[in-house]
Every structure is written in C-alpha cells, then in structure tokens.
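> mind folding the following:
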Amino acid sequence: MIQVRKAADRGVAEHGWLSSRHTFSFAGYRDPHQIGFSDLRVINEDRVAPGQGFGTHPHSDMEIFSYVLEGALAHSDSMGTGSKILPGDVQLMSAGTGVTHSEFNGSDDEPVHFLQIWIMPAHSGGKPVYQQQHFSEADKRGRLRLIISPDGQDGSLRIQQDTRIYAGLFDGDESATLTLEKDRHAYVHVARGSVALNGEKLEAGDGVRMRKPETLTLGGGKDAEVLVFDLRPHELPRMP
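You can find the predicted model right below:
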C-alpha cells in the first residue's frame with residue numbers, strides 16, 4: 001500500500017529566525033494521524049537564519065540524524081564534539097542515557113537548510129555516541145547509497161535500531177530499484193526536486209508510507225534528492 005503525504009499538508013512553524021515544516025506531530029503541531037511511521041518519529045525541514053540556531057538542550061533515548069541540503073550547520077555537545085555539517089555530510093547522534101547539544105547556522109551571511117530526523121532506538125539507555133561521515137555526490141548519483149544501518153554495512157553510520165537509510169540523487173534518465181526483505185515497511189522523503197516512485201510523481205517535501213512493498217523504483221527525476229527508510233513492520237499507537 002502506498003500513502004502519499006503532500007508537502008503542503010505538513011505542519012508549519014514560523015519563528016522569524018526559524019522556518020520549519022513538520023512531516024509528523026512535533027512541538028506545537030499535533031495531528032493524531034501523523035505521529036510517525038514505524039520507528040520513524042520526526043522529519044523536520046528547517047531553514048535557520050544566519051547567526052541563529054537552537055541553544056543547548058537535552059535529549060535521551062533517541063537516534064537523531066541531521067542531513068544538510070544547503071549552508072552549514074554548527075554542532076556542539078556534552079560529549080565534547082564540535083563540528084560543522086555541510087551538504088553531503090551525515091550526522092548521527094545516539095542520545096542514549098542523555099546528552100545536551102546545540103545547533104546553529106554556521107554562517108553569518110547565508111541561511112542553512114537541513115532535515116532533522118528522529119528514530120526511536122531499539123533499547124533505552126546506553127552510552128551517547130556521535131558519528132559523522134561525508135558521502136559525495138558521486139556516491140549517491142543515480143543510485144540509493146546506504147548511509148545508515150544497524151551494522152555499519154558499506155561504511156554507513158551505525159544506528160541503534162533495525163533501520164536502514166539510503167540517499168539518492170536522480171536527474172533525467174537516472175533510476176534505481178531497491179528490493180526489501182519480506183514484510184518490511186518503507187518511508188520515502190523527497191528532500192528537493194521531483195521524482196517518480198513506482199510511477200507516482202512526487203515533489204519536494206512529499207513523503208510516502210509503504211507497507212510491505214517488494215520493491216521501490218525511483219526515476220524520472222528533476223534535480224531530485226531522496227531519502228529512503230527501510231523500517232520494521234511496526235505501527236505506533238495513535239495520539240489521544
């Protein structure tokens with residue numbers, strides 16, 4: 001089954017320094033039908049003004065994944081990590097027993113445009129871990145490159161959940177097919193551009209739930225950047 005959620009149907013938060021679109025319920029945006037999908041809990045598309053950002057705040061028991069589309073995101077945390085995340089970089093923070101961190105636009109002149117994604121871990125607790133890896137355009141061009149997995153396969157970052165995440169760039173005749181194991185779920189998020197998923201045309205910001213698909217085929221893209229989540233067949237309870 002394919003269920004498309006259009007970009008325009010997402011939650012909206014405008015704070016002056018921050019313009020955000022929420023795929024799932026987050027902060028002041030609450031929709032009992034949009035609380036997440038399988039272990040995928042948050043996809044926020046954020047644009048942060050120059051010199052602005054999220055001050056130091058805590059997290060625990062969450063896998064937090066940042067994916068920069070434009071600009072630079074400056075990160076600092078209580079593990080002693082200080083880094084700058086650029087387009088092509090994948091940042092994954094396993095919050096575990098607890099961590100505090102801040103995220104700011106790393107430029108005084110240009111906005112930063114990025115996705116922040118939360119995935120629930122398989123187990124609570126554990127030592128907080130920070131990981132960051134660069135995946136070049138060539139790694140993702142016309143294919144689905146594994147960027148996050150539970151076992152670090154093919155140089156991917158290691159997540160504390162039975163989840164695999166792929167990134168791909170598609171333009172013109174480029175296409176890729178992903179075959180999933182039996183009874184898995186999948187979520188596809190179009191980060192930018194347009195692309196067809198199994199013949200369904202999608203635009204930037206659109207998301208697609210897929211329950212127990214056998215294959216996913218992406219093609220017919222126009223400057224498309226896509227994230228694909230291979231997820232457990234797990235359903236979250238509805239929000240009251």
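
> now do the helices in the chain.
Taking DSSP state H to define them, one finds helices in the chain at 137-140.

> by contact count, what packs against the lengthiest strand in the chain?
When the chain is scanned for its longest strand (criterion: DSSP state E), the result is strand 215-231. On a contact count with 3 or more CB pairs under 8 Å, 6 or more residues apart in numbering; DSSP states H and E, strand 215-231 meets strand 164-170, strand 176-179, strand 185-197. Every residue, glycine included, has its C-beta placed from N, CA and C.

> out of those, which comes closest to Ala49?
Ala49 lies closest, by CB to CB, to one member of the helices and strands packed on strand 215-231: strand 185-197, at 19.5 Å.

> what mean pLDDT does that closest one have?
Taken as a whole, strand 185-197 has a mean pLDDT of 98.

> packing partners of it?
strand 40-48, strand 63-70, strand 200-203, strand 207-211, strand 215-231.

> sorry, back to before: so which of the helices and strands packed on strand 215-231 is nearest Gly88?
Closest of the helices and strands packed on strand 215-231 to Gly88 is strand 164-170, at 9.4 Å (criterion: CB to CB).

> what is the closest one packed up against?
Packed next to strand 164-170, using 3+ CB pairs under 8 Å, 6+ apart, are helix 137-140, strand 145-149, strand 176-179, strand 215-231.

> distance of the most centrally placed residue in the chain relative to Thr179?
Centroid-nearest residue in the chain: Ile117, 4.2 Å away (criterion: CA atoms, centre = their mean). The spacing between Ile117 and Thr179, counted by CB to CB, to the nearest Å, is 23 Å.

> hmm, back to that, correct me, but the residue nearest to the centre of the chain touches Glu45?
No. The pair Ile117 and Glu45 fails to qualify as a contact (CB atoms under 8 Å) at a distance of 10.0 Å.

> which residue packs closest to Gly219, ignoring adjacent ones?
Nearest residue to Gly219, sequence neighbours excluded (CB to CB, 6 or more residues apart in numbering): Ser175, at 3.2 Å.

> pLDDT score for that neighbour?
Ser175 carries a pLDDT value of 98.

> who's in contact with it?
Gly142, Thr217, Leu218, Gly219, Gly220 (CB atoms under 8 Å, 6 or more residues apart in numbering).

> how about Ile165?
Counted by CB under 8 Å, 6+ apart, Ile165 has contacts Phe65, Leu146, Ile147, Ile148, Ser149, Ile159, Leu227, Val228, Phe229, Asp230.

> repeat that for Phe65.
Neighbours of Phe65 in contact, by CB under 8 Å, 6+ apart: Val90, Gln91, Leu92, Met93, Gln116, Ile117, Trp118, Ile119, Ile148, Ile159, Ile165.

> okay, now the unreliable bits of the protein?
Filtered on pLDDT under 70, the chain yields the residue ranges 237-240.

> what about the residue lying closest to Thr179 once chain neighbours are set aside, distance to Gly16?
Once flanking residues are discounted, Thr179 sits nearest to Thr215: 5.0 Å by CB to CB, 6+ apart. Distance, Thr215 to Gly16, by CB to CB: 44 Å.

> His33 now?
29 Å.

> got a list of what Gly207 touches?
By CB under 8 Å, 6+ apart, Gly207 lies in contact with Val4, Arg5, Thr23, Ile43, Tyr187, Val188, His189, Val190.
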